[in-house]
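Trainee: Here is my input; please provide its structure:
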Amino acid sequence: MTMTFGIVLTPRSGADWAREAAAAEQQGYRTLLLPDTRFTPSPFPALAAAAAVTTSIRLRPNVLAAPLRTPAATVRETAALQLLSDGRFELGIGSGRPDAAAEAQWLGASWGSAAQRRAHLVATIAAVRAGVTPAPPVVIAANGPRMLATAAEFADRILLAAGPAATESALADLVRTARDGTDRTLRFSHQVVGIGQRLPLWTATKLGRNADELSAAGAAGMLPAEPSAAAEILEHRREKYGIDEVIVPGELANDFAPILAHFAAQGC
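Mentor: Numbering: from 1, shown residues only. Predicted coordinates:
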């Protein structure tokens, strides 16, 4: 089981986006990820632009809010990305953040109950797998028991959508819940919250977190800046929980670079 790394970036201009996408590929990231919110560029055209300046990096929304699009619309956009990227697209998808109901209203989309959103998610995945060739890998973001059960049944990979203060014990609980009731081998992803004393601006300002507080709480997303120490933690989680993809916020790319280089040197 090889450890892979993804980076979350957001376009600021066309030229910057092209440079950042190409740089992420050169730095050794396997996957380029882009949020799907009202306040960030639409992921499909942005990822298509990234596909044009790269050759090997995978391209994934992080994650599509399924209720914001009909299954047919997602099939159409996914097919376009698979064509333009020569099959490098991955369908990162979820049932929608708790605060995304307002975004659905703004777009004129139906939000629905949690059960209705899960059903819409499943219908979207089925439509993509039936209507897109090659069918992309499906990565489902999940946290609660019902979404984890849905992800365990339908996903190729599960993004553990834990909060910034989630401990390793909390991650273990999410993995255990997902694995209950399925014989499938599940693969998991987890996003870095901070490195050393560095946090992304959103986490520090909008969420009001600080590195000392999160470290003291045992937040699993906080990694030490020392590469070998960080690598030991990540390798432990890979072996014990199957967390074999680490997602890095773009703001922490410079801080994560020595850790990425450590894995490259080890051939992991």
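Trainee: For the lengthiest helix in the chain, name the packing helices and strands.
Mentor: When every helix of the chain is counted residue by residue (DSSP state H), the longest turns out to be helix 114-131. Judged by 3 or more C-beta pairs under 8 Å, 6 or more residues apart in numbering; DSSP states H and E, the packing partners of helix 114-131 are helix 71-84, strand 91-94, strand 138-142, helix 145-154. The C-beta positions use only the backbone N, C-alpha and C, and glycine is treated the same way.
Trainee: Could you say which of those is packed most deeply?
Mentor: strand 91-94 (a mean of 28; mean count of other C-beta atoms under 10 Å).
Trainee: Relative to that one, what are the paired strands and their orientations?
Mentor: strand 64-65 (parallel), strand 138-142 (parallel) (DSSP bridges).
Trainee: low-confidence ranges in this protein?
Mentor: Residue ranges of the chain with pLDDT under 70: 268.
Trainee: measure the spatially most central residue of it to residue 227 for me?
Mentor: With distances taken as C-alpha atoms, centre = their mean, residue 62 lies nearest the centre of the chain, 4.4 Å away. Using C-beta to C-beta, to the nearest Å, one gets 25 Å for the distance from residue 62 to residue 227.
Trainee: Residue 59 now?
Mentor: 27 Å.
Trainee: okay, these two: which has more neighbours?
Mentor: For residue 59 versus residue 227, the count of surrounding residues by other C-beta atoms under 10 Å is larger for residue 59: 26 against 18.
Trainee: State the three-state secondary structure for that one.
Mentor: Three-state call for residue 59 (DSSP: H, G, I helix; E, B strand; the rest coil): strand.
Trainee: partners of it in the sheet?
Mentor: Beta bridges link residue 59 to residue 32, residue 89, judged by DSSP bridges.
Trainee: pretty sure it is touching residue 47, no?
Mentor: Yes - contact criterion C-beta atoms under 8 Å: residue 59 and residue 47 qualify, at 4.4 Å.
Trainee: Now for those two: what residues contact both?
Mentor: 32, 81, 85, 89 (C-beta atoms under 8 Å, 6 or more residues apart in numbering).
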